[in-house]
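> take this sequence and fold it.
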Amino acid sequence: MLARTRIALLLGLAALAGCGEAAPPQAKPVSRVLLVGMDGLEWSVVRPLLVQGRMPNLLALMQRGSYGYLASMKPTLSPVVWTTIATGKLMEDHKITNFLDEHRKVFTSGRRAVSAVWNIADHYGLSTNLFGWFVTWPAEHVKGMVVSGSSADSQLDANWKPALLPGVAGQVWPEALTDEVLALASQAGSMEKVQQLASEKIFPGVQQELMNPLQKKVLQQTLWSLLSDETYFEVACKYIKEHPADLNIVYFGGTDVVGHRYWREYRPKGYLWHDGEELDKELSEVIPDYYAWMDEMLGALVAAAGPDTTVFVVSDHGMHAVAQEKEDTEFGMTGHHLDAPPGVIVAAGPAILKQGGVKAFLEKENGALPTHGSVVDVTPTLLALLGIPVGKDMRGRAVLTLLEPGPARDNAKLPPVPSHDEGFRAPVMDAVPAQMSANFEQHFGALGYLQLAPHDGVSEIVPPPPAAPSPPATDPH
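Below is the predicted model:
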């Protein structure tokens, strides 16, 4: 009881730190919001798992809400797209343009030139719990709690490290909760815990003695994502349940990593090379198993947030085949997304339309999906639910196809403010600790991202496939 009282006091002090001298404008939230980001989540993988009953929590959200494509953008690079999702602006506005800048320095939250949705919520007197989102180190001071994106080592070996680094400042806000969060992270990401999850959830029965050195390296690097996702899941579940905020945000990256690493084994048609029938068969379930594990965590987060919470599940893009003619012996990648395949969006809860048509979608192997906006429209839609007007300078607007008539849709029509960036701090060059920078480069360099040519600084939204016919208003499923 004393521990909970202490946490509540610290979070209350954090609330005061997020307020300026003038009283903030007041928001009128329709409901509490939970946003779960799953990097690279792909509908062609999700659909058969829904049919097989392996993603029951996502299915439950679809049955009581809306679902479809979320149009993505080019460049389809995670720091760029997730920052666009969090700001409603393109990279030429928010200035997060790649994994590393032109000087090969890691982008940090201080480099972001515009307000994110958590800054906007804070200005309007609302609280945020933010866990693991891209480009959130150092943790910003808002009403609520921030645990910044992971900085763990990507090559998990005898020198095992947790997803959050002891001794590195700025990973947790309020700072007074750092020791408590790091202790939980160390427990959640222990060697024993991760190896157990790997053997029971993601790689059951896989015979590593059949693997060549590249395959063993790929497996070890995949464990980094498992460690990170498990850590943020455990931390988010605890604090969302004990101290739910108006806006709760959690990011998971492993669905992207396994898509890159194991697409050929999951969907071998069209590939002209293989690693042996037995090993390929064992590894064919890595992607489905990881998605099913993500669904378990989604169910726990929805329960932690409470029954009256509006839930969004979004991905920054989808995934498809690459390197079909010859094995990628440098990075071991067989799936990719650089041409911006559309992502996933599922929403359910107060003020969300019940789209219906779930049974029909599951019964058709190539069932069509509607499009519910793009990555620039996520933050404006969240603002409508939080009762905050959109900024005129945002590139996106609330997705009305998701909102039922009533308060949230009315909020989407509020007169826009000129900008939510007025008075926002100027971009700063944060000095990234050497270990954090090295780990970041090692992890994303292993996926081939750091070898990409610099982008020209202009981004574009890429439309998804043609829209599907409107589904029926009710669903018997």
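
> so which elements touch the longest strand along the chain?
Using DSSP state E, we find that the single longest strand of the chain is strand 65-74. Helices and strands touching strand 65-74, by 3 or more C-beta pairs under 8 Å, 6 or more residues apart in numbering; DSSP states H and E, are helix 78-87, strand 343-348, strand 371-374, strand 460-462. The C-beta positions use only the backbone N, C-alpha and C, and glycine is treated the same way.

> partners of that strand in the sheet?
strand 343-348 (antiparallel), strand 371-374 (parallel), strand 460-462 (antiparallel) (DSSP bridges).

> tell me the mean pLDDT over that strand?
Per-residue pLDDT over strand 65-74 has a mean of 97.

> just the angle between that strand and helix 78-87, please?
If you take axes from the mean of the first three to the mean of the last three C-alpha atoms, to 10 degrees, strand 65-74 sits at 130 degrees to helix 78-87.

> which parts of the stretch 51-200 of the chain are helices?
For the stretch 51-200 of the chain, applying DSSP state H, counting those that start in this stretch gives helices covering 56-63, 78-87, 91-94, 117-123, 178-188, 191-197.

> in a markdown table: those, plus distance to Phe233 and mean neighbour count.
Shown next, in a markdown table, are these (distance: least, C-beta to C-beta, whole Å; neighbours: other C-beta atoms under 10 Å):
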| stretch | distance to Phe233 | mean neighbour count |
| --- | --- | --- |
| helix 56-63 | 13 | 21 |
| helix 78-87 | 18 | 27 |
| helix 91-94 | 27 | 20 |
| helix 117-123 | 19 | 26 |
| helix 178-188 | 8 | 18 |
| helix 191-197 | 11 | 15 |
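
> which of those sits closest to Val399?
helix 78-87 (12.6 Å; C-beta to C-beta).

> now do the closest one: which elements does it pack against?
Using 3+ C-beta pairs under 8 Å, 6+ apart, helix 78-87 is in contact with strand 65-74, helix 91-94, helix 117-123, helix 378-386.

> run the angle between the top helix by length along the chain and helix 178-188 for me.
Scanning the chain for the longest helix, with DSSP state H as the assignment, gives helix 213-242. Helix 213-242 runs at 130 degrees relative to helix 178-188, counting by the same axes, to 10 degrees.

> chain center to helix 213-242, what's the gap?
13 Å (C-alpha atoms, centre = their mean, to the nearest Å).

> what's near enough to touch the closest residue to Val311 other than its chain neighbours?
Nearest residue to Val311, sequence neighbours excluded (C-beta to C-beta, 6 or more residues apart in numbering): Leu34, at 4.8 Å. For Leu34, the contact set (C-beta atoms under 8 Å, 6 or more residues apart in numbering) comprises 240, 248-250, 301-302, 305, 309-312.

> switch to 7 Å and redo it
Residues near Leu34 by C-beta atoms under 7 Å, 6 or more residues apart in numbering: 248, 301-302, 305, 309, 311.

> which of these sit farthest apart?
Using C-beta to C-beta, the two most remote members of these are Asn248 and Val302, lying 10.5 Å apart.

> shaky segments in this protein?
Along the chain, segments meeting pLDDT under 70 span 1-24, 150-161, 434-435, 437-456, 467-477.
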